[in-house]
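**Student:** Structure here, sequence nowhere to be found:
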Ligand SMILES: Nc1ncnc2c1ncn2[C@@H]1O[C@H](COP(=O)(O)OP(=O)(O)OP(=O)(O)O)[C@@H](O)[C@H]1O
Ligand SMILES: [Mg+2]
């Protein structure tokens, strides 16, 4: 290996690396956001208190069952296998030729959703009962309680776990090369395949992955501090004597 | 005087444990009623049944001539008419002082933000917390939190205020500031139902005192009657234990 070789390789192939890193970021950002939304919805549904009305109760049970199956299935199987099943399965079952990028977004989103649903449920459970009771006591219904009191606190609390999921997604989208998504790993493999040199291109990919994940860590930390607001408050009006 | 809340034959069980037994009890408009009694006698449960944080097992709660326990009733609208103050304050952690008092008005009562803020500031002034509008819950002392919690409940302009041991979680030096606010509220003619272990306070502010024991109301009368001439043995024993 020579530094010179790495530099010329980058000079010759940088658009490939850049497009690959771009695709990796795109799929993991959208996948994390959509997955977080799925997770929030699923987590909120799974914490609805048992209704008094019998038919509503049965309906809620059914929805919860479906959500449990979804969560357990996607948490319990590897994403690389899910990618194959969904991509080739959709062609086989419905005759649709799924666009690989769309397939990538779908797979990462529902996969992240399954993890986030559990994270959100844990987040909701960890909120003090007094917060729910105080909201109910001023007349809020379940939806208002969730939107105005509980979820803002849950979102703050699960931000580190969401960031973690984001970082996992940046790394794990590499498995999507099996269905031909042109993400960073796929592009690196292509570059390596042309020159029959493997170490140098993958070393570059390694650095790029780390730059992406570490930037996400830093951005999220900044975000968390921002959400927490200032340590001090300012008094208003004249101070009482 | 018009009854704001009229409770008839109310009962509550957890499994086989009967916590409230056939409670008959009412609060009239403008009345200040203190509920006293030993730990575990069902005082909190009674208060929580009144605003339906607990579901009563039997009986009726009549509010403006209607039984709110029949299923047609909108319990959310009913709850806006009862202000609740908790032992543990329960200020919304994601809201500052002002917005704790605003969010319910805007989201539940559908008031405009401007109107809600005006109302909130008025009541924050009543409890002496108007200078702290920007503070978060974790930046306040216990006494300050409880005063904000009182302002939050008042901001909904309820018909009756329920207090569940509002000073029991406070350090001794902060009890006074909260009781002072409550005393001032009582003097304005607000209808108040207060569970408390502060006997001096109960004697001073109440129009009526209710003594509960083991899930039943043992005695219900004026403060003089309960504190000076209790008729029941259980009341006498309780007072002897609590007032030195
Ligand atoms: N969720 C519950 N499940 C089972 N039992 C309960 C529950 N909540 C209260 N109890 C029981 O009901 C009884 C009355 O409790 P409650 O909290 O109303 O008493 P209290 O008079 O408010 O007492 P304290 O002065 O200690 O606050 C107690 O024996 C308690 O153990
Ligand atoms: Mg209690």
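**Tutor:** The structure has been received and is ready for your questions. Note that the coordinates shown come from a computational prediction; the quantities given were computed from them, not determined experimentally. Ligands and ions are numbered 1, 2, ... in the order given.
**Student:** Can you give me the distance of residue B:90 to chain A?
**Tutor:** 4 Å (CB to the nearest CB, to the nearest Å). C-beta coordinates here come from the backbone N, C-alpha and C atoms, glycine included.
**Student:** Can you classify that residue by secondary structure?
**Tutor:** coil (DSSP: H, G, I helix; E, B strand; the rest coil).
**Student:** Tell me which helix or strand comes right after the helix or strand of chain B with the lowest mean pLDDT.
**Tutor:** For chain B, the helix or strand with the lowest mean confidence is strand B:66-67, at a mean of 90 (criterion: mean pLDDT, DSSP states H and E). Helices and strands here follow DSSP states H and E; after strand B:66-67, the next one along the chain is helix B:75-80.
**Student:** Identify the residues contacting the helix or strand just after that next one?
**Tutor:** Sequence-wise, the next helix or strand downstream of helix B:75-80 (DSSP H and E) is strand B:82-85. In this structure, residues lying in contact with strand B:82-85 by CB atoms under 8 Å, 6 or more residues apart in numbering or on different chains are A:133-134, A:137-138, B:47, B:50-51, B:53, B:146, B:149-150, B:153-154, B:156, B:158-164, B:166.
**Student:** Identify those among those residues that sit within strands.
**Tutor:** Using DSSP state E, the subset of these located in strands is B:160-164.
**Student:** among the contacts of strand B:82-85, which are in helices?
**Tutor:** By the criterion of DSSP state H, membership of the contacts of strand B:82-85 in helices covers A:133-134, A:137, B:47, B:50, B:146, B:149-150, B:153-154.
**Student:** Pull up the gap between the residue of chain A found nearest ligand 1 and chain B, please.
**Tutor:** Going by CB to the nearest ligand atom, ligand 1 is nearest to residue A:129 of chain A, at 10.5 Å. According to CB to the nearest CB, residue A:129 stands 9 Å off from chain B.
**Student:** do you know how far that residue is from residue A:209?
**Tutor:** 42 Å (CB to CB, to the nearest Å).
**Student:** More neighbours: which of these two?
**Tutor:** More neighbours surround residue A:209 than the other of residue A:129 and residue A:209, with 19 against 10 (other CB atoms under 10 Å in any protein chain shown).
**Student:** The one helix or strand that one maps to close to chain B?
**Tutor:** For residue A:209, the host element (DSSP H and E) is helix A:199-228. No - on the criterion CB under 8 Å from any CB of the partner chain, helix A:199-228 is out of touch with chain B, staying 9.4 Å away.
**Student:** buried residues in that helix?
**Tutor:** A:200-201, A:204-205, A:208-209, A:212-213, A:216, A:220 (16 or more other CB atoms under 10 Å in any protein chain shown).
**Student:** helices and strands around the lengthiest helix in chain A, which ones?
**Tutor:** In chain A, assigned by DSSP H, the helix with the most residues is helix A:3-45. Helices and strands touching helix A:3-45, by 3 or more CB pairs under 8 Å, 6 or more residues apart in numbering or on different chains; DSSP states H and E, are helix A:54-75, helix A:100-126, helix A:151-172, helix A:184-195, helix A:199-228.
**Student:** Excluding chain neighbours, what is closest to the residue minimising distance to the centre of chain A?
**Tutor:** Nearest to the mean C-alpha position of chain A, by CA atoms, centre = their mean, lies residue A:32 at 2.3 Å. Of all residues not flanking residue A:32 in the chain, residue A:166 sits nearest, at 4.5 Å (CB to CB, 6 or more residues apart in numbering or on different chains).
**Student:** hang on, the earlier thing: so how far is the least confident helix or strand of chain B from its chain's centroid?
**Tutor:** Centroid displacement of strand B:66-67 relative to its chain, using CA atoms, centre = their mean, to the nearest Å, is 21 Å.
**Student:** tell me the contacts of residue A:149?
**Tutor:** Here residue A:149 is in contact with A:131-132, A:134-135, A:140, B:92, B:94-95, B:103 (CB under 8 Å, 6+ apart).
**Student:** where's it relative to residue B:214, distance?
**Tutor:** Noted for residue A:149: a distance of 35 Å to residue B:214, by CB to CB.
**Student:** Look through chain B and report the residue furthest from the middle.
**Tutor:** Farthest out in chain B is residue B:114, which, by CA atoms, centre = their mean, sits 27.8 Å from the centre.
**Student:** three-state assignment of that residue?
**Tutor:** Assignment for residue B:114 (three-state DSSP): helix.
**Student:** which residues touch it?
**Tutor:** Residue B:114 neighbours (CB under 8 Å, 6+ apart): none.
**Student:** what does residue A:6 give?
**Tutor:** So residue A:6 contacts A:200, A:203-204 (CB under 8 Å, 6+ apart).
**Student:** at 6 Å instead, please
**Tutor:** residue A:200 (CB atoms under 6 Å, 6 or more residues apart in numbering or on different chains).
**Student:** Show me what the most centrally placed residue in chain B is bridged to.
**Tutor:** Residue closest to the mean C-alpha point of chain B, counted by CA atoms, centre = their mean, is residue B:162 at 1.7 Å. Beta bridges link residue B:162 to residue B:84, residue B:193, judged by DSSP bridges.
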